[in-house]
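K.L.:
got a structure for you, letters missing:
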DNA sequence: GCCGAAAGTTAGTTGACACTTACGTAAGTA
DNA sequence: TACTTACGTAAGTGTCAACTAACTTTCGGC
């Protein structure tokens, strides 16, 4: 799966966004993250962490028996850049170019 | 559903992102949008357009029997702002404040 | 009013996914 | 070695969403 695709899918789940905020500015072991979600099992959080890891939105570091997670700010920056480049002014300019090219073609044919 | 939630969910689908690029800088009737996706039925595109409309990522304008769609740039801007504010420096600062408050408490108790 | 074009809507199917329970595994400890 | 802790993983379940096929609605021309 494309990285942008997996990033959007990972962020589409509210719980995963909340997990991200918890590990945004500090490392936390999986158990402590799970403790913040009393309504779901630890297993569910572990699976969410796997999705976030696959999307490179968090990085994992092992410390003995524990696994410490923290947000990968670079990936979030990458997403912002994607939004800027894919739907920002650069795309706008490309579209306008394509349209004027279409008109040119129309003028030649007409 | 929260607006941010529906926005992420809408963008998580690659086909909907592609639809957005097609109506980014010009209005298009539903049939012309559907024509760009030969592998799925017109009905599927109509449903995708409904999801994009609910997420306020596109706006619809009726012209006789046709319905013209165009991207809502404001909503995309809103998403960028969300990324900036929710996971940007402002959240970073809040987290650091919360952490130092935690340490303060620890010092009082210890 | 009747017909056809453009589009939305509904019913039903299939696949994905968030979740739970149960089990497996690696690292530390007695 | 046996036990515990801190995890991940596998299997199964219910729900949701993307899709197709068939139908309905809305508008314009005759």
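P.N.:
Thanks, I have the structure now. Treat the numbers as computed from the prediction; the structure is a model and nothing was measured.
K.L.:
excluding its backbone neighbours, what's nearest residue A:82?
P.N.:
Excluding the flanking residues, the one nearest residue A:82 by Cβ to Cβ, 6 or more residues apart in numbering or on different chains is residue A:4, at 5.6 Å. For every residue, glycine as well, the C-beta is placed using N, CA and C.
K.L.:
what's around that neighbour, how many residues?
P.N.:
Residues near residue A:4, counting by other Cβ atoms under 10 Å in any protein chain shown, number 17.
K.L.:
List the buried residues in stretch A:59-73.
P.N.:
A:59, A:67, A:68, A:69, A:70, A:71, A:72 (16 or more other Cβ atoms under 10 Å in any protein chain shown).
K.L.:
actually stretch A:42-49, not the one I typed
P.N.:
A:45, A:48, A:49.
K.L.:
Isn't the first one up against residue A:19?
P.N.:
Spelled out, it's residue A:45. Yes - with contacts counted by Cβ atoms under 8 Å, residue A:45 reaches residue A:19, the gap being 7.2 Å.
K.L.:
can you pull the pLDDT of residue A:30?
P.N.:
With respect to pLDDT, residue A:30 scores 98.
K.L.:
which non-adjacent residue is nearest it?
P.N.:
residue A:67 (5.4 Å).
K.L.:
what about whichever strand or helix holds the one you found and DNA strand C, any contact?
P.N.:
For residue A:67, the element it lies in under DSSP states H and E is strand A:66-71. No - Strand A:66-71 lies apart from DNA strand C when judged by Cβ under 7 Å from any atom of the strand; the minimum separation is 8.7 Å.
K.L.:
re earlier: out of the buried residues of stretch A:59-73, flag the one nearest to DNA strand D.
P.N.:
Among these, residue A:67 lies closest to DNA strand D (Cβ to the nearest atom of the strand), at 4.4 Å.
K.L.:
For the closest one, report the pLDDT, please.
P.N.:
Residue-level pLDDT assigned to residue A:67 equals 98.
K.L.:
Do I have it right that it meets residue A:29?
P.N.:
Yes - Residue A:67 is within contact range of residue A:29, at 6.5 Å (criterion: Cβ under 8 Å).
K.L.:
got any residues that touch both of those two?
P.N.:
Applying Cβ atoms under 8 Å, 6 or more residues apart in numbering or on different chains, one finds that no residue jointly contacts residue A:67 and residue A:29.
K.L.:
ok, how many other residues are close to residue A:16?
P.N.:
So residue A:16, with other Cβ under 10 Å, has 19 neighbours.
K.L.:
That one: what's it in contact with?
P.N.:
A:10, A:48, A:51, A:52, A:57.
K.L.:
and what of residue A:23?
P.N.:
A:33, A:58, A:69, A:70, A:71.
K.L.:
one step back: need the overlap of contacts for residue A:45 and residue A:19.
P.N.:
Contacts common to residue A:45 and residue A:19, judged by Cβ under 8 Å, 6+ apart, are residue A:33.
K.L.:
among the helices and strands of chain A, which has the poorest mean pLDDT?
P.N.:
In chain A, the helix or strand scored least confidently by mean pLDDT, DSSP states H and E is helix A:89-109, which has a mean of 51.
K.L.:
The residue nearest to residue A:82 belongs to a strand?
P.N.:
No - the assignment for residue A:4 (DSSP: H, G, I helix; E, B strand; the rest coil) gives helix, which keeps it out of a strand.
K.L.:
Per-residue pLDDT of it, please?
P.N.:
Residue A:4 is given a pLDDT of 89.
K.L.:
Okay then, goodbye and thanks.
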